[in-house]
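1. my questions are about this predicted structure, shown below with the sequence.
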Amino acid sequence: MFAPLYRRRGRRLFDVNERPRESLRHALANAGGPTATPGKIVVELMFDFWRYLSSAAHEKTLWAPAGHRAFPPGTDRAAHVDGPVGRSHDLRNRVAHREPLLNTDVAGRLADLLGLAKRLDPQLGQHLHATSTASGLLGTRP
């Protein structure tokens, strides 16, 4: 589990891992408890959990020791991972709350997702690019 990691925000000291720990506890309970398989636990984790793993708050404790290994050498955490993931998270929240997307760069968000997929696994990026109908739909929108 995530150990407490204290940061200072102004005069207040807070644990940046409090929310990830709570997310893991919740996912474990929903997956069936301590005997649940890792795969079942991963399925139960919400997008919010994954979104903040690439944040600056976890750069030294998660990205530098291990997280960067999921991406090609030289991948910039802020520009190539946290930025696209953060923008995707924002888009997901806007859609979930039925907010208008008329002024949203949906094509840019699609490019974020495809770029992130390609960085994680080039074959995944190629597959999504070849099979997704999203680009075509964006081209025909009024």
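-> Nice, I can see it.

2. count of neighbours near residue 52?
-> By the criterion of other Cβ atoms under 10 Å, residue 52 has 20 neighbours. All C-beta spots, glycine's among them, are computed from the backbone N, C-alpha and C.

3. contacts only, for the residue lying closest to residue 89 once chain neighbours are set aside.
-> For residue 89, ignoring the flanking residues on the chain, the nearest one in space by Cβ to Cβ, 6 or more residues apart in numbering is residue 51 at 4.4 Å. Contacts for residue 51 (Cβ atoms under 8 Å, 6 or more residues apart in numbering) come out as 85-86, 89.

4. with residue 49 instead?
-> With contact taken as Cβ under 8 Å, 6+ apart, residue 49 is in contact with 19-20, 23-24, 27.

5. related to what we said a few turns ago, by neighbour count, which of the contacts of residue 51 wins?
-> Taking other Cβ under 10 Å as the neighbour criterion, residue 85 ranks highest of the contacts of residue 51 with 20 neighbours.
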